[in-house]
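> any chance you could fold what I've pasted below:
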Amino acid sequence: MVQRLTTQGIADARVLRAMGAVERHRFVDSALVNQAYEDTSLPIGLGQTISKPNVVARMIELLLGAPALVGRPNDKLGRVLEIGTGCGYQATVLSHIATEVYSIERLRGLHEKARTNLRHFRLATVHLLFGDGMVGYPKGAPYAGIIAAAGGEAVPEAWIAVGGRIVAPTHSERGGQALVVIDKTARGIERRVLEAVNFVPLKSGIA
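You can find the predicted model right below:
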């Protein structure tokens, strides 16, 4: 899987190490274990999916490209907020590149599944939260970065208020979704719209 990520253009050694260190098969149902290391999204229940390895690696690499880390290729990110824990896979990968991870999930069933999945890893720096990701988690702020695993009409202002670099899918002008990177700079908020992606919808409330 890591070799394939390299051929797909993932170059940051921190991302490749993290992807290689986390066993993806531990986060999917036993019937899907044989597909765990393919570059495909897989169902995890409640209408949700575990993202393709390439998409996880790409978004984390973008997060590590934040201005604060320019010229510091071996440094970890500081505190990161993940919107949409899902099965807990991306939060576990993030634990290898961030000093602390807060991950919030609005579906109780998935929150509980992620807690079960992460028990094996004994990660003291990962905090799983049950709540509405649209409002973020201000108590943990400020964040060096925010990464979202669900796409809405726009990036919520609540995230921009507390985040450093934000990497999230949003609705694109051409229809569908596109990956957006948002940075706060001395000149204000800067947004870059990147490639098309396909994520589950960003929703408010809990269920």
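> now do the residue with the largest distance to the centre of the chain against residue 157, distance only.
Most distant from the centre of the chain: residue 187, at 26.5 Å, with distances by C-alpha atoms, centre = their mean. Noted for residue 187: a distance of 19 Å to residue 157, by C-beta to C-beta, to the nearest Å. No exception for glycine: its C-beta is placed from N, CA and C like everyone else's.
> ok, residue 134 next?
Separation of residue 134 from residue 157 (C-beta to C-beta): 10 Å.
> more neighbours: these two, which one.
Higher neighbour count among residue 134 and residue 157: residue 134, with 17 against 8, using other C-beta atoms under 10 Å.
> quick check: closest non-adjacent residue to that one.
In space, and not counting its chain neighbours, residue 134 is closest to residue 204: 4.3 Å by C-beta to C-beta, 6 or more residues apart in numbering.
> with residue 170 instead?
residue 180 (5.0 Å).
> for the one you found, give me its contacts.
Residue 180 is in contact with 155, 166-170, 191-194, counting by C-beta atoms under 8 Å, 6 or more residues apart in numbering.
> same check, this time on residue 103
Neighbouring residues of residue 103 by C-beta under 8 Å, 6+ apart: 81-82, 85, 88, 90-91, 94, 114, 126-129.
> and these, which is closest to residue 199?
Nearest to residue 199 among the contacts of residue 103: residue 90, at 11.7 Å, using C-beta to C-beta.
> verify the contact between the closest one and residue 149 for me.
Yes - counting by C-beta atoms under 8 Å, residue 90 touches residue 149, with 6.3 Å between them.
> hey, where'd the strands end up in the protein?
Taking DSSP state E, the strands of the chain run over residues 42-45, 48-50, 77-83, 98-105, 126-130, 145-148, 165-171, 177-185, 188-197.
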